[in-house]
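Undergrad: Coordinates for the following, if possible.
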Amino acid sequence: MKSEIGKVFIDLGKLAFAGLVIAGLLREDIPPVLLILTGATASIATITIGLYMIWSDRKKQSKQQKQ
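TA: Next comes the predicted model:
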């Protein structure tokens, strides 16, 4: 279950990158540096959370298999 939620967080990170960084650069009323920093921070944070959740779920499953 945690692994599936982790995959959702990774997908959210990709969407944040696409939405805030790539599409946001087309807007002229917001400074591009702010958009890039916000998008990169959101992407890195959500991808990190997703990878941690997948890692912890696999670690838990490997412990259960050893027992």
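
Undergrad: Find the residue ranges of the chain scoring beneath the pLDDT cut-off.
TA: 21, 28 (pLDDT under 70).

Undergrad: redo that, cut-off 90
TA: Counting by pLDDT under 90, the chain has low-confidence residues at 1-3, 15-40, 42, 58-67.

Undergrad: Go through it and flag its longest helix.
TA: Ranked by residue count and defined by DSSP state H, the top helix of the chain is helix 32-66.

Undergrad: Can you name every helix or strand that that one contacts?
TA: The contact analysis (3 or more CB pairs under 8 Å, 6 or more residues apart in numbering; DSSP states H and E) places helix 32-66 against helix 2-16. Using the backbone N, CA and C atoms, a C-beta is placed for each residue, glycine as well.

Undergrad: by contact count, what packs against the helix it packs on?
TA: helix 32-66.

Undergrad: ok, L34 - contacts?
TA: By CB atoms under 8 Å, 6 or more residues apart in numbering, no residues touch L34.

Undergrad: Could you report the distance from it to S43?
TA: Using CB to CB, to the nearest Å, L34 is found at 15 Å from S43.

Undergrad: Equivalent analysis for L35, please.
TA: Distance from L35 to S43, by CB to CB: 12 Å.

Undergrad: Likewise for P31?
TA: With CB to CB as the criterion, P31 and S43 are 18 Å apart.

Undergrad: Which of these two has more residues huddled nearby?
TA: S43 (21 against 10; other CB atoms under 10 Å).

Undergrad: Does that one touch F17 like I think?
TA: Yes. Counting by CB atoms under 8 Å, F17 is a contact partner of S43 at 4.2 Å.

Undergrad: List the buried residues for the longest helix of the chain?
TA: 35-36, 39, 42-43, 46-47, 49-50, 53-54, 57 (16 or more other CB atoms under 10 Å).

Undergrad: Among those residues, which one sits closest to Q64?
TA: The shortest gap between Q64 and any of those belongs to D57, at 10.7 Å (CB to CB).
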